[in-house]
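[1] Curious how this folds, go ahead:
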Amino acid sequence: MKNLMMGSALALMATALGGCKTPDASTGAGNTGGKTNTSTGASSNSGASGKVSRAKPYSHDDILLGEYASLTGSEATFGLSTHAGILMAVAEANAKGGVLGKKIRVQVEDDGGQTTQVPSVIRKLIDEAGVLAILGEVASSNSLAAAPICQEAGVPMLSPSSTNPKVTQKGDYIFRSCFIDPFVGTAMAKFARQNLKAKIAAILVDGDSDYSKGLRDFFTQSFQAQGGKIAATVEYVKGDTDFRAQLTKIKGAKPDVIFIPGYYTDVANIAVQARSSNVNQTLLGSDGWDSPDLFKIGKKAIQGSYISNHYSPGSTDPRVVKFVADYKKRNKGQTPDALAAVGYDAAGVMIDAIRRAGSTDRGKIRDALATTKGFPGVTGTITMDKDRNAQKPLTILQISGNGYKYVTTVKP
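    Sure, this is the predicted structure:
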């Protein structure tokens with residue numbers, strides 16, 4: 001990544017997080033010499049292409065975690081919120097003495113929300129910084145780009161919120177602390193059929209997004225299995241500004257509900273154009289909707305819509321109440337969205353695994369992550385299954401005013 005881009009990202013992040021200090025990427029640089037890895041006989045490969053070598057043995061005196069995120073670009077609020085949650089978890093752990101008697105640091109790198117930027121960012125964290133483990137990404141497409149590199153390098157990677165099942169299928173060093181698309185698609189289809197009594201649905205999907213296409217597939221399967229009909233499935237591409245052709249087709253299909261498993265900027269623009277085109281059916285979405293910008297762009301057009309999400313900030317669960325209050329203190333009264341919550345939990349799960357491993361040996365940390373059971377997260381109790389996916393509940397919320405109204409919790 002260019003220094004100018006990273007500098008701009010960090011400046012933006014500091015502003016967005018209410019002056020929260022961001023780790024200086026330069027402080028996380030590790031041993032970048034071409035020493036041979038004694039376990040593999042392979043030298044470090046930090047090139048832009050070619051086979052990835054195993055990471056050098058961890059050599060820092062403290063615990064350096066790497067994070068890659070979309071700190072700029074069309075999904076920037078995702079990266080900024082996730083980072084804020086990670087920093088909060090790290091600060092709390094350090095206040096209690098860190099882990100293994102060592103302080104924890106985070107080196108964050110901006111991928112700009114661009115899949116093409118991910119390989120260079122990941123190699124910077126592994127080859128140059130020498131991080132112990134990696135947190136990220138939010139977007140499934142970006143996690144899919146990073147996972148093979150982390151797997152070959154033998155560096156544990158934990159995604160806070162990438163829900164596409166393929167992410168953890170890349171190898172046994174790849175984990176997630178969130179639920180996956182089959183669970184989300186099935187839950188939303190069941191909600192549409194049973195709670196909203198919808199018989200006919202239409203789907204508007206981002207054809208370039210693994211996240212969006214995965215949710216489309218599982219919603220379709222479940223909705224049809226429950227006796228519903230998918231009358232239309234149409235595609236758009238992230239960044240499109242004119243959705244009239246797609247909406248005309250959907251309008252002609254006369255659905256009861258419209259499922260839009262996309263990200264907040266596109267979703268908000270779609271909602272505005274739908275309402276102006278007299279497409280007034282109930283809109284259904286997913287965690288990709290969760291951003292303050294959804295309300296700024298969508299305004300009245302998104303009111304009454306339903307989304308699946310990782311948690312409700314209005315929960316009365318004592319863990320959630322404390323998390324929300326502490327987050328507000330750190331971030332000038334800002335209420336933590338779901339991305340902040342999953343970032344907080346992901347960092348907590350990783351720190352807990354390092355503690356249980358009792359070592360900075362990455363293989364032992366991998367093993368500890370795989371045996372995570374009953375971790376008390378603010379997004380629910382987290383247990384890793386055999387495929388390294390978190391078994392945890394999801395929450396369905398309704399958009400009301402400038403926030404969300406709790407509807408129901410769905411357990412796995």
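[2] In terms of helices and strands, where is the spatially closest residue to Val410 that is not a sequence neighbour?
    Leaving aside its sequence neighbours, Val410 sits nearest to Ala187 (CB to CB, 6 or more residues apart in numbering; 4.4 Å). Every C-beta, even on glycine, is put in place using the N, C-alpha and C of the backbone. Using DSSP states H and E, Ala187 maps to helix 181-190.
[3] continuing past that helix, what's the next helix or strand?
    As assigned by DSSP H and E, the chain's next helix or strand after helix 181-190 is strand 200-206.
[4] now the helices: where do they sit in the protein?
    Using DSSP state H, the helices found in the chain span residues 3-16, 76-95, 118-123, 140-153, 181-190, 210-225, 244-253, 264-276, 292-298, 318-330, 338-357, 362-370.
[5] By mean pLDDT, show me the worst of those helices.
    Lowest mean pLDDT of the helices of the chain: helix 3-16, a mean of 38.
[6] how many other residues sit next to Lys166?
    15 (other CB atoms under 10 Å).
[7] and it, what is it in contact with?
    The contact partners of Lys166, taken as CB atoms under 8 Å, 6 or more residues apart in numbering, are Ser140, Leu144, Asp210, Gly214.
[8] pull the CA atoms of the helix holding Ala187 into PDB?
    Output of helix 181-190 as PDB, limited to C-alpha atoms (Å, rounded to 0.1, in the frame of the first residue of the first chain):
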ATOM      1  CA  ASP A 181     -24.500 -17.800   5.300                       C
ATOM      2  CA  PRO A 182     -26.500 -21.000   5.500                       C
ATOM      3  CA  PHE A 183     -27.700 -20.100   9.000                       C
ATOM      4  CA  VAL A 184     -28.500 -16.500   7.900                       C
ATOM      5  CA  GLY A 185     -30.200 -17.300   4.700                       C
ATOM      6  CA  THR A 186     -32.300 -20.000   6.300                       C
ATOM      7  CA  ALA A 187     -33.200 -17.700   9.300                       C
ATOM      8  CA  MET A 188     -34.300 -14.800   7.000                       C
ATOM      9  CA  ALA A 189     -36.300 -17.200   4.700                       C
ATOM     10  CA  LYS A 190     -38.000 -18.700   7.700                       C
END
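[9] contacting residues around the closest residue to Phe78 other than its chain neighbours?
    With sequence-adjacent residues excluded and distances taken as CB to CB, 6+ apart, Phe78 is closest to Val138, at 4.3 Å. Applying CB under 8 Å, 6+ apart to Val138 gives the contacts Ala69, Ser70, Glu75, Phe78, Gly79, Thr82, Ser159, Pro160, Ser161, Ser162, Leu339.
[10] For these, which single residue is the most surrounded?
    Of all the contacts of Val138, the highest neighbour tally under other CB under 10 Å goes to Pro160, namely 34 neighbours.
[11] Farthest-apart pair in the contacts of Lys166, please.
    By the measure CB to CB, Leu144 and Gly214 form the most distant pair in the contacts of Lys166, at 10.7 Å.
[12] nearest to Tyr263, of the contacts of Val138?
    Glu75 (5.5 Å).
[13] residues contacting that closest one?
    Gly113, Val138, Ala139, Tyr263, Tyr264, Thr265.
[14] swap in Thr282?
    Taking CB under 8 Å, 6+ apart, one finds Leu196, Ala198, Asp256, Val257, Ile258, Gly304, Ser305, Tyr306 in contact with Thr282.
[15] and the residues you listed as CSV, adding neighbour count?
    Converted to CSV, these look like this (neighbours: other CB atoms under 10 Å):
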residue, neighbour count
Leu196, 14
Ala198, 23
Asp256, 18
Val257, 25
Ile258, 26
Gly304, 12
Ser305, 23
Tyr306, 26
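[16] Turn those into CSV, columns for pLDDT and distance to Pro119.
    Formatted as CSV, these follow (pLDDT from 0 to 100; distance: CB to CB, whole Å):
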residue, pLDDT, distance to Pro119
Leu196, 97, 42
Ala198, 98, 42
Asp256, 98, 43
Val257, 98, 39
Ile258, 98, 36
Gly304, 98, 41
Ser305, 98, 36
Tyr306, 98, 37
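[17] Appreciated, that's everything.
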